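Asker: here you go, sequence then predicted model.
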Amino acid sequence: MKNTLYYTKKANYFEEALPVGNGRMGAMVYGNLKNEKISLNEDTLWSGYPRDLNTKDAGHYLDEIRQNIFSGNYEKAEALANSKFHGHWCESYLPFGNLEIHFTSSVSKKGYKRALDISKGLAVTACKGITETVFASHPANLIVVNLKSDTGFSCRISFSSQLQHKVYTEKDVLVMEGAAPEICQPPYHTDGIPVVYGDKAMKFAGAAKVLGSAAFENGAITVDNQKEITVLISLATSFIDFKTMPTANALERAMQSFDSIKSYEQLLDEHVKDFSALFDRVDFTLLGGNSDMPTNKRLKAVRRGTKDNALIALLFQYGRYLTISASRKGTAAMNLQGIWNEHLRAPWSSNYTININTQMNYWCTDICNLSECFEPLTALVKKLAEKGTVTAKDYYGCGGFCAHHNSDIWGNTNPAGHPKGDGNDSSYSIWQASAPWLLVMLYDHYLYTRDEAYKEEIKPLFKANLDFYKDFLIEHNGESVTCPSLSPENTYISKNGAHCLTYMPNMDREILYDFFKICREFGFETPEIEQVRPASDGRIPEWCEEFGEKEPQHRHVSHLYCIYPSPFAYTQELKTAAEKSLYARGFGGTGWSLGWKVCLWARLGNGENAHKLILNQLRPMHPKKIIIFFGGGSYPNLFDAHPPFQIDGNFGVTAGIAEMIKNNSMPDSWNGSITGLKLKDGSELNAEIKNGKLVF
């Protein structure tokens with residue numbers, strides 16, 4: 001069963017359920033034909049509201065922080081940064097709620113099967129006598145649940161939510177209305193009240209109608225002895241835009257999707273045509289596998305040493321499936337969990353972590369022939385450009401704009417961290433280089449599309465960020481450097497101990513090298529930045545000085561940006577140094593880290609090492625099992641396990657497999673074919689794969 005995930009048992013956990021989405025709305029289907037739960041999400045349902053969270057006097061301490069870094073007094077620099085240069089946590093992406101279906105008639109367990117056809121975007125659960133089909137239609141702007149029985153069934157359908165809400169029926173509609181919190185702190189912030197409700201926050205509404213015979217009363221839909229019904233679900237919020245208070249009428253918006261209701265057959269037909277038109281652009285086949293085995297058992301078999309190249313092809317296409325399902329023109333950019341989140345206080349707030357994870361979400365979009373799905377990232381960068389002008393002024397006294405390591409639907413750009421400055425955020429928050437990295441990605445998108453109007457559209461964004469760096473860069477030891485900065489989330493060892501803050505970490509250098517190169521192509525004058533050079537040990541250095549490594553196999557490989565995802569060619573000298581650096585980093589890591597290393601080895605032309613990392617990423621992970629070893633893997637539904645679930649690893653490994661194919665750097669064991677992979681010259685790659693080599 002090519003391009004299909006399938007199982008012989010219902011899902012007990014979120015990471016076993018099957019995802020569907022139309023870019024704006026997402027659903028996780030558990031496939032329980034006794035007490036079904038379909039978890040619901042809407043991409044604009046976040047905590048908070050528009051407000052300025054920048055620390056207004058932070059810039060007063062910039063010179064003192066710099067002086068301490070340059071003099072080697074890193075401890076004092078970090079103490080100042082933590083207490084005086086802090087910002088505020090970003091807000092959280094929230095779960096909308098659940099559609100619950102309680103079957104009051106007897107349902108057989110015989111012949112049970114649930115499957116996700118990723119080529120059509122259909123989640124189907126069936127056993128003897130009843131079939132449930134779920135999809136999220138982009139054309140109809142609805143989530144559709146069809147229930148069909150040979151002999152008839154009865155059930156009760158209702159809404160629930162972890163957020164403040166009420167459920168009621170009105171004529172032929174089941175309605176849930178509620179409110180998001182004004183503040184929803186990340187789960188690792190334990191001071192005070194973590195979830196605070198108030199009048200300024202987002203409102204939300206869900207509505208459900210039924211095609212078929214049903215009764216609407218007592219806050220539920222009752223179906224009695226019917227052979228078929230279709231539940232149509234519409235979700236909406238009061239979100240307007242990132243700078244306007246969320247005062248739209250959520251219920252009115254939700255009801256608009258019912259203005260022109262079509263039959264189930266029409267909804268299904270237009271959904272499949274829309275979804276398949278995108279998915280079918282790329283076909284990837286690897287021979288040898290166990291496609292008839294349940295997906296969760298395939299993962300376990302691979303871990304035991306069974307070869308299943310077809311599962312690797314499925315993992316590749318799954319990344320494309322998730323892109324189509326979670327990112328369409330006009331939707332919000334994909335967050336840490338795409339659009340699928342079940343937690344009120346999600347890991348890392350399920351926000352935009354723009355020191356790697358948000359970028360990785362869009363690595364596979366263009367090369368996998370889904371360029372239309374890239375638009376939400378461009379919209380996010382425009383948001384950051386507007387909000388980041390205040391941050392640039394308040395923290396650095398600079399013109400232009402900047403952004404740090406975290407953001408949210410409100411476009412937060414300050415150094416996100418402990419709101420009172422009473423925590424240690426120095427390993428992640430004081431990093432201003434996310435904006436040029438994102439802008440290089442926008443330019444790389446142009447290289448795939450060759451859309452000259454788009455190039456002109458993004459040109460002012462480059463100018464604005466360039467203005468920031470012209471003001472921000474400071475001379476030290478005869479060259480222009482960033483300061484303060486860090487190598488994302490990593491720690492070095494100096495003669496005075498372990499620290500994070502520094503000047504000009506080499507990720508900054510490599511990003512700015514690319515960014516200024518593109519700025520010059522736009523006709524702008526730029527500062528001069530030299531490309532990174534190998535260190536005395538032959539590796540690509542991570543920091544400005546040859547510090548010791550506190551964690552030699554750290555999950556971030558930031559200093560290898562110059563190899564991947566940089567869109568520009570590297571020298572043989574850097575290739576040799578990068579290979580030595582990657583071997584030192586090892587073949588372990590969190591889920592997304594494994595994906596990044598796949599991309600790196602693929603770009604370096606070593607298909608066997610890339611393949612080894614793919615197999616590590618396919619390591620089966622139980623949703624609730626305590627992790628007793630270092631590294632990530634895949635959950636039963638193929639969601640990437642950081643752990644916990646982070647979707648960026650799915651996109652990273654898909655991008656890596658595409659890179660392996662494009663660079664003709666595959667393992668000898670791969671045989672099959674590829675069609676439709678997109679290249680930057682506008683052509684598509686179509687070839688047979690024989691013993692790991694492309695045959696045209």
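Answerer: Structure's in. What do you need?
Asker: which SS state does the residue of the chain most remote from its centre fall under?
Answerer: Distance from the centre of the chain peaks at T151, with 42.7 Å (Cα atoms, centre = their mean). Here T151 is recorded as strand under DSSP: H, G, I helix; E, B strand; the rest coil.
Asker: how far away is it from K227?
Answerer: 8 Å (Cβ to Cβ, to the nearest Å). C-betas here are computed from N, CA, C, even on glycine.
Asker: find residues that contact each of those two.
Answerer: Shared contacts of T151 and K227, defined by Cβ atoms under 8 Å, 6 or more residues apart in numbering, are absent.
Asker: is it true that Y513 touches R533?
Answerer: No. Between Y513 and R533 no contact is recorded; they are 11.5 Å apart, counting by Cβ atoms under 8 Å.
Asker: so those two - more neighbours on which side?
Answerer: Shown here are Y513 and R533; by other Cβ atoms under 10 Å, Y513 has more neighbours (21 against 13).
Asker: okay, the more buried one: pLDDT?
Answerer: pLDDT for Y513: 98.
Asker: just confirm the residue farthest from the centre of the chain contacts K128, I think it does.
Answerer: No. Using Cβ under 8 Å as the test, T151 is too far from K128 to be in contact (9.9 Å).
Asker: tell me, how many residues neighbour G330?
Answerer: Neighbours of G330 (other Cβ under 10 Å): 9.
Asker: return the residues in contact with it.
Answerer: G23, R24, E375, P376.
Asker: tell me which of those fall in helices.
Answerer: E375, P376 (DSSP state H).
Asker: which regions of the stretch 351-500 of the chain lie under the pLDDT threshold?
Answerer: Judged by pLDDT under 70, the stretch 351-500 of the chain has no weakly predicted residues.
Asker: need phi/psi at the closest residue to R619 other than its chain neighbours.
Answerer: Counting by Cβ to Cβ, 6 or more residues apart in numbering, R619 lies nearest to G633, which is 3.3 Å off, once chain neighbours are set aside. The phi/psi pair for G633 (degrees, to the nearest 10) reads phi 180, psi -140.
Asker: quick check, G633 in contact with H622.
Answerer: No. Here G633 does not reach H622: they are 9.8 Å apart, not a contact under Cβ under 8 Å.
Asker: of the two, who's got more company?
Answerer: Here G633 and H622 are set side by side on neighbour count (other Cβ under 10 Å), and the busier one is G633, at 23 against 16.
Asker: next one, pLDDT for the more buried one please.
Answerer: 95.
Asker: for it, give me its contacts.
Answerer: G591, N616, Q617, L618, R619, P620, M621, A641, P643.
Asker: residue contacts, the fourth one?
Answerer: So the one you mean is L618. L618 sits in contact with L299, V302, R303, L311, I312, L315, G633, S634, where contact means Cβ under 8 Å, 6+ apart.
Asker: closest to K120 out of the residues you listed?
Answerer: K120 has its nearest neighbour among the contacts of L618 in L315, at 18.2 Å by Cβ to Cβ.
Asker: return the member of the contacts of L618 nearest to L287.
Answerer: I312 (11.2 Å).
Asker: I'd say the closest one and M660 touch.
Answerer: No. I312 is beyond contact range of M660, at 10.0 Å (criterion: Cβ under 8 Å).
Asker: picking that back up, the contacts of G633 in helices, which ones?
Answerer: G591, N616, Q617.
Asker: the strands in the stretch 51-200 of the chain, which residues?
Answerer: 97-103, 113-117, 122-127, 130-137, 142-160, 164-170, 173-179, 183-184, 195-196 (DSSP state E, counting those that start in this stretch).
Asker: on that earlier part again, what's the separation between the residue farthest from the centre of the chain and S106?
Answerer: 10 Å.
Asker: now V196
Answerer: 46 Å.
Asker: same deal with D444?
Answerer: Distance from D444 to S106, by Cβ to Cβ: 56 Å.
Asker: so the two - more neighbours on which side?
Answerer: More crowded of D444 and S106, by other Cβ under 10 Å: D444, with 21 against 9.
Asker: contacting residues for the more buried one?
Answerer: D366, P565, P567.
Asker: recalculate using a threshold of 7 Å.
Answerer: P567 (Cβ atoms under 7 Å, 6 or more residues apart in numbering).
Asker: which regions of this protein sit below the pLDDT cut-off?
Answerer: 626-630.
Asker: on that earlier part again, closest one to E265 out of the contacts of L618, please.
Answerer: When those are compared against E265 (criterion: Cβ to Cβ), the nearest one is L315, at 32.4 Å.
Asker: V195: how many residues sit nearby?
Answerer: By other Cβ under 10 Å, neighbour count at V195 equals 17.
Asker: same question for N691.
Answerer: Look at N691: counted by other Cβ under 10 Å, it has 11 neighbours.
Asker: quick one, strands of the stretch 501-650 of the chain?
Answerer: Assigned by DSSP E, counting those that start in this stretch, the stretch 501-650 of the chain shows strands spanning 548-549, 633-634, 640-641.
Asker: ranking the ones you listed by burial, who's on top?
Answerer: strand 640-641 (a mean of 29; mean count of other Cβ atoms under 10 Å).
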